[in-house]
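Undergrad: With the sequence up front, the predicted model follows.
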Amino acid sequence: MSGTGLDLVVRARRAVVDGTLRSCSVGVRAGQIVAVTAYEAAPEAAEVTELPADEVLLPGLVDTRKGALAVGRDADMCAFAPDDSFVVDAAALRHRNAVSAYQGKRLTGVVRRTWLRGRPCPSPADDERAGRLIRRAES
């Protein structure tokens with residue numbers, strides 16, 4: 001690890017920061033965002049991920065520890081391709097309900113990668129689960 005002690009830096013030409021779309025670099029240590037810098041000023045880290053120009057970095061949107069690319073927030077983020085599309089296949093969805101009102105429909109917007117507390121989440125092909133249930137009273 002570099003002298004900065006960062007675990008991860010995600011560099012994004014497009015990211016939602018303070019409600020606006022701008023370029024930035026997000027530094028993560030121990031699962032929390034510790035730096036949001038200019039895209040060009042990305043700090044060193046054990047792992048650096050450069051998002052393609054067609055992906056947007058979005059913050060997690062679940063509770064008050066998330067919901068923003070800001071120092072002190074949990075490093076729950078996703079790389080979102082807003083112009084990509086896919087056809088819904090209910091059998092491939094990973095949720096309890098085996099049906100979908102969107103079965104067979106083409107939808108626009110694809111999540112390409114997800115980080116939970118700064119760590120890459122398993123791909124949909126993996127059956128590994130991570131994280132914890134957040135009950136309504138906690139959010």
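TA: Arrived safely, thanks for sending. Numbering: from 1, shown residues only.
Undergrad: and the closest residue to Arg117 other than its chain neighbours, what is it in contact with?
TA: Among residues not flanking Arg117 along the chain, Gly31 sits closest, at 3.2 Å (Cβ to Cβ, 6 or more residues apart in numbering). Glycine gets a C-beta too; all of them are placed from N, C-alpha and C. Contacts for Gly31 (Cβ atoms under 8 Å, 6 or more residues apart in numbering) come out as Asp74, Ala75, Arg117, Gly118, Arg119.
Undergrad: Surely the fourth one and Ala75 touch.
TA: Yes - using Cβ atoms under 8 Å, Gly118 makes contact with Ala75 at a distance of 3.8 Å.
Undergrad: Check which residues of whichever helix or strand Val34 is part of are buried.
TA: Val34 is located in strand 32-37, with elements delineated by DSSP states H and E. Across strand 32-37, burial judged by 16 or more other Cβ atoms under 10 Å covers Gln32, Ile33, Val34, Ala35, Val36.
Undergrad: can you redo those as CSV with pLDDT and distance to Ala81?
TA: Listed next are the buried residues of strand 32-37 as CSV, based on pLDDT from 0 to 100; distance: Cβ to Cβ, whole Å:
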residue, pLDDT, distance to Ala81
Gln32, 90, 26
Ile33, 92, 22
Val34, 93, 27
Ala35, 92, 25
Val36, 93, 22
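Undergrad: State the next helix or strand along the chain beyond the strand holding Val34.
TA: Following strand 32-37 toward the C-terminus (DSSP H and E): strand 47-50.
Undergrad: tell me the mean pLDDT for that following strand?
TA: What strand 47-50 shows for mean pLDDT is 94.
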